[in-house]
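S.K.: Output the structure for:
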Amino acid sequence: MNLNLTDAYHRFGAKPSHRLQGLSAIAADGAVVLTCSQRFFGHPTRGVLRYEDRLSRESLDSRVIQLLGQHLTLARTDDLPVRMVVAFSASPNCAAVAGYHVRPDLVGKVMMFDGDHFMIDFTRPTTATEAGAAKRRKKSTRIQ
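M.R.: Got it, this is the predicted structure:
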């Protein structure tokens, strides 16, 4: 779904610090909401979507970059979940943002943040029901 930045953040109960260029916010449930560029995603292992970027890619004196640094520090030290808003462009070679979409099915964890370089791993949370079903499937395949 093609959303504007404010609507995308509202899906997680948050308000971006800047309606056009906001990069992070704290949601009502305490999660950090992060604007991610589609260019910086990778798949290091099965079931993990990694977002890796640097604050220094933007002007470090920017208010939104300083706030992003504060939010990443808070997420790392307090083990807060990270929610994803993805900025996408109309074409792979175009840097202009065409819109945003959200991934409510994925929850991130700050794996590394050194004040500039940061890495967040997003995974699908498993509920107790899903974990029990997976365990039963694994057990039933061993019996056969």
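S.K.: Out of the helices and strands in this protein, which is least certain?
M.R.: Lowest by mean pLDDT, DSSP states H and E among the helices and strands of the chain is helix 128-143, with a mean of 52.
S.K.: Spatially, what comes nearest to residue 103 if we skip its sequence neighbours?
M.R.: In space, and not counting its chain neighbours, residue 103 is closest to residue 84: 4.6 Å by C-beta to C-beta, 6 or more residues apart in numbering. All C-beta atoms are positioned from the backbone trio N, CA, C, and that covers glycine.
S.K.: Run a quick check on the one you found versus residue 40, I expect a contact.
M.R.: No - judged on C-beta atoms under 8 Å, residue 84 makes no contact with residue 40 at a distance of 11.7 Å.
S.K.: who touches both of the two?
M.R.: Jointly contacting residue 84 and residue 40 under the rule C-beta atoms under 8 Å, 6 or more residues apart in numbering are residue 51.
S.K.: Of the two, which one has the most company?
M.R.: Taking neighbours as other C-beta atoms under 10 Å, residue 84 and residue 40 compare with residue 84 leading, 23 against 14.
S.K.: and after the helix or strand encompassing that one, which helix or strand comes next?
M.R.: Assigned by DSSP states H and E, residue 84 belongs to strand 82-89. The C-terminal neighbour of strand 82-89 among helices and strands, as given by DSSP H and E, is strand 97-102.
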